[in-house]
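S.K.: Need the 3D shape of this:
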Amino acid sequence: MNGETMAKALQKTWKRKTPAAQERAQAPPRGPKEKARAQRALSSPAPTTSACQTIPTMNPQKPNTTNPVLLRWVEEMAGLCQPGQIFWCDGTEAEKKILTEEAVARGVLIQLNPQKLPGCYYHRSNPLDVARSEERTFICSETADEAGPTNNWMAPAEMRAKLKALCAGGMRGRTLYVVPYLMGPPGSGLSKVGIELTDSIYVALSMRIVTRMGQAALDHLGGGEDFNRGLHCMLDLDPKSRYIAHFPRDNEVISTASNYGGNVLLGKKCLSLRLGSYLAQKEGWLAEHMLILCAQSPGGEKTYVAGAFPSACGKTNFAMLVPPPHFAGWKITTIGDDIAWMRPGPDGRLYAINPENGYFGVAPGTNQETNPNAMAAISHDTIYTNVALTPDLDVWWEGKTKELPPQLTDWKGQPWTPQSKTPAAHPNSRFAAPMANNPAFAAEANDPNGVPISALIFGCRRTTTMPLVYQAFNWIHGVFIGATLSSETTAAATGAVGQVRRDPMAMLPFCGYNMGYYFRHWLRMGKRLSNPPRIFHVNWFRRDESGKYLWPGFSENMRVLKWIVDRCHFRADAGETALGWMPGPRDFDLGGMKNFDSHNLAKAQEINLAEWHREALPNDELSFKLHAELPKELAYQRELLVARL
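M.R.: The predicted model follows:
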């Protein structure tokens, strides 16, 4: 049976109400890859009630593909999960209207004030489901060594048995949305296709924002079988049933008992980073937790920069930076704010694409002063999650305005006033907005060839020790700087907030295989680049003894970026220090700054030897975990640092 015949057969099947045992299309797996997947795939006996009816309330959709591998997999998963109906998403505006109206009718979304926030909606999540669940995230490689000591591991067969039991009948009475999406610009050799099967209309609508969802993905896939298989079952949101399980060898993700974006928007952290990093190591490229921006000088020179920052450490603000008046004529445009896929180009440079199509950003702290471009981007056609609501259905969060509103409805749906003892918005409340909304959106974001990266920046949130900015001596030293990156934890993940932890390359929660192998891959990549990017480290968050920030940050970060750009083009000087190359007062443009001079810069750049001796010692838990896997080049770099100190 060919794909077109199968599609027609399934269409008839899904319109009948006979037992699914009589409905399922019979077609054997084709090709060695599909046979291998079929042997490992989740399966279950045919359900006793129809799993594949069309949707009476939402403009029934037929399969918009004839790909036999895809159709067969969807039918297998429907047989397991037993949804009451199946909806094939096509990504059109008409479909968006249908799904949005349905979500509002169900109470999943609340329409916000159309005069203040046109096209915007609000979602409130379960209080036990508000952040990435790192302790419930697993890399199910064939061996524990492949996953490495930084990942939770479970044998694939054992995990599949658990998930089969959880997902069996898990969508009964619900709608299964088939969400095809493309990570990366159409036509790019780096772009990847994913198919997410979800019973969450919130996920279907959010994926439409943050990915290129719909026909573009199916066109890219064609009749092939190389696509990420993603299954998301909400279940009852019980944290004990929550798993975010990755199967690298099968390019598959299964997520249960969550509806938080980082756990269930499977194209984002799951495919783009965890499985993406595994595929990148296998195929010879890099999948990184990095922003991509373009810095254009008044003379028209464009310099492309990528930067790795742990969550809630200013990455989005930096990606959408608005230069201060002193830098009139400079223009910063945003290619991406969170993820970069990078590969060596024929000219020996590193080229990057942003696989995403939207922003899934942290709301608290975002305002007209910290990030005016983000505020413009989220002013329309945005989905807000777990922020607070004003009486006239506007949104609010801590840090949005200097004055507190007199009354709000908080993120839990409870009345809130300035006298309340709890935050109005959850600290990890989010917005999902199309990247085309950004006034600083860079047209290069849609270039299938990507952009050449001149600088890589590793950023952190540290109140002590780390200077404002310094440059690595060379590629290997830069990999060491990234590998030893540390930052204070934030509300983006469950667990304690404010503790310093190592977060290599800002990839600790996202590296989908052994991190020791990941470091080796970075070192190998450097050998393939005849003109590699320069590597830098920044810290906007250092404080003095009284707790005051030593650097004003936000738009003033343009001064740091300008020095980095000039270093890449051999226009700026720097002094050699124990840490790397650092700008002195004469190398750094402080013009136009109020209440900030070379003395303040010196404090922000100070190297505290006592603190650095402690920093250089491999006495933290992560260093012990990775000791056996650490490449010798990085061990030597630590010894050199100690010697320089």
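S.K.: any low-confidence regions in the stretch 451-600 of the chain?
M.R.: 490-498 (pLDDT under 70).
S.K.: all strands for it, in order.
M.R.: 451-460, 469-471, 486-488, 500-502, 534-539, 575-576, 581-582 (DSSP state E, counting those that start in this stretch).
S.K.: so which of those comes closest to residue 413?
M.R.: Closest approach to residue 413 among the strands of the stretch 451-600 of the chain (C-beta to C-beta): strand 486-488, 30.4 Å. Where you see a C-beta, it was placed from the backbone N, CA and C, and this is true even at glycine.
S.K.: Give me the below-cutoff pLDDT ranges for the stretch 51-200 of the chain.
M.R.: Regions of the stretch 51-200 of the chain meeting the criterion pLDDT under 70 cover residues 51-61.
S.K.: That one: strands as residue ranges?
M.R.: In the stretch 51-200 of the chain, the strands defined using DSSP E, counting those that start in this stretch lie at 85-88, 110-111, 121-123, 137-139, 152-153, 175-183, 192-198.
S.K.: Out of these, the one nearest residue 335 is which?
M.R.: strand 175-183 (14.4 Å).
S.K.: what pairs with that closest one, and is each one parallel or antiparallel?
M.R.: Applying DSSP bridges, strand 175-183 is found paired with strand 85-88 (parallel), strand 192-198 (antiparallel), strand 212-213 (antiparallel).
S.K.: Let's have those strands in TSV, adding mean neighbour count and distance to residue 484.
M.R.: Below are those laid out as TSV (neighbours: other C-beta atoms under 10 Å; distance: least, C-beta to C-beta, whole Å):
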stretch	mean neighbour count	distance to residue 484
strand 85-88	23	47
strand 192-198	26	30
strand 212-213	26	36
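S.K.: and residue 461, which of those strands is closest to it?
M.R.: For the strands paired with strand 175-183, the distance to residue 461 is smallest for strand 192-198, at 30.4 Å, taking C-beta to C-beta.
S.K.: got JSON lines for the strands of the stretch 451-600 of the chain, with mean neighbour count too?
M.R.: Converted to JSON lines, those look like this (neighbours: other C-beta atoms under 10 Å):
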{"stretch": "strand 451-460", "mean neighbour count": "24"}
{"stretch": "strand 469-471", "mean neighbour count": "25"}
{"stretch": "strand 486-488", "mean neighbour count": "21"}
{"stretch": "strand 500-502", "mean neighbour count": "17"}
{"stretch": "strand 534-539", "mean neighbour count": "23"}
{"stretch": "strand 575-576", "mean neighbour count": "12"}
{"stretch": "strand 581-582", "mean neighbour count": "20"}
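S.K.: Quick one: those as CSV, columns for distance to residue 612 too.
M.R.: Below are these laid out as CSV (distance: least, C-beta to C-beta, whole Å):
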stretch, distance to residue 612
strand 451-460, 14
strand 469-471, 12
strand 486-488, 12
strand 500-502, 14
strand 534-539, 13
strand 575-576, 16
strand 581-582, 13
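S.K.: which residues of the stretch 1-150 of the chain fall in helices?
M.R.: 3-15, 20-23, 31-40, 68-81, 93-106, 144-147 (DSSP state H, counting those that start in this stretch).
S.K.: what's the answer for the stretch 351-500 of the chain, then?
M.R.: Going by DSSP H, counting those that start in this stretch, the stretch 351-500 of the chain shows helices at 372-377, 475-483.
S.K.: and those helices, which is most packed in?
M.R.: helix 475-483 (a mean of 23; mean count of other C-beta atoms under 10 Å).
S.K.: Residues touching that helix, excluding its own?
M.R.: 308, 456, 458, 472, 504-505, 519, 522-523, 526, 529, 532, 534-535, 537, 580, 633-634, 637-638, 641 (C-beta atoms under 8 Å, 6 or more residues apart in numbering).
S.K.: who touches residue 529 in this structure?
M.R.: Per C-beta under 8 Å, 6+ apart, neighbours of residue 529: 344, 348-350, 475.
S.K.: Then residue 426?
M.R.: 130, 386-387, 411, 491.
S.K.: Which one (most neighbours) among the residues you listed?
M.R.: Ranked by the number of neighbours (other C-beta atoms under 10 Å), the contacts of residue 426 place residue 411 first, at 27 neighbours.
S.K.: surely it meets residue 424?
M.R.: Yes: Residue 411 is within contact range of residue 424, at 7.1 Å (criterion: C-beta atoms under 8 Å).
S.K.: Please pick the buried ones from the contacts of helix 475-483.
M.R.: 308, 456, 458, 472, 504-505, 519, 522-523, 526, 529, 532, 534-535, 537, 580, 634, 637-638, 641 (16 or more other C-beta atoms under 10 Å).
S.K.: need the contacts of residue 529 in CSV with secondary structure, can you?
M.R.: Converted to CSV, those look like this (DSSP: H, G, I helix; E, B strand; the rest coil):
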residue, secondary structure
344, strand
348, coil
349, coil
350, strand
475, helix
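S.K.: In those, which residue is surrounded by the most others?
M.R.: residue 350 (26 neighbours).
S.K.: Leaving out the residues flanking it, which one is nearest to that residue?
M.R.: residue 453 (4.7 Å; C-beta to C-beta, 6 or more residues apart in numbering).
S.K.: For residue 511, find the nearest of the strands of the stretch 51-200 of the chain.
M.R.: Once the strands of the stretch 51-200 of the chain are compared by C-beta to C-beta, strand 137-139 is nearest, at 8.7 Å.
S.K.: Run through who's touching that closest one.
M.R.: Under the contact criterion C-beta under 8 Å, 6+ apart, strand 137-139 has outside partners 146-148, 151-154, 159, 243-246, 248, 263, 274, 509, 512-513.
S.K.: just so I know, which of the strands of the stretch 51-200 of the chain lies nearest residue 563?
M.R.: For those, the distance to residue 563 is smallest for strand 175-183, at 33.0 Å, taking C-beta to C-beta.
S.K.: got the angle for that closest one vs helix 93-106?
M.R.: 140 degrees (axes from the mean of the first three to the mean of the last three C-alpha atoms, to 10 degrees).
S.K.: Residue 556 versus residue 549, what's the distance?
M.R.: Distance of residue 549 to residue 556, computed by C-beta to C-beta, to the nearest Å: 11 Å.
S.K.: Which of these two has more residues huddled nearby?
M.R.: Between residue 549 and residue 556, counting by other C-beta under 10 Å, residue 556 is the more crowded of the two (19 against 13).
S.K.: what about the closest residue to the more buried one other than its chain neighbours, neighbour count?
M.R.: Counting by C-beta to C-beta, 6+ apart, residue 324 is the residue found nearest to residue 556 once chain neighbours are left out, at 6.1 Å. Other residues near residue 324 come to 18 when the count uses other C-beta under 10 Å.
S.K.: for the one 10 residues further on, same thing?
M.R.: Residues lying near residue 334 (other C-beta under 10 Å) number 27.
S.K.: Nice, that's everything, thank you.
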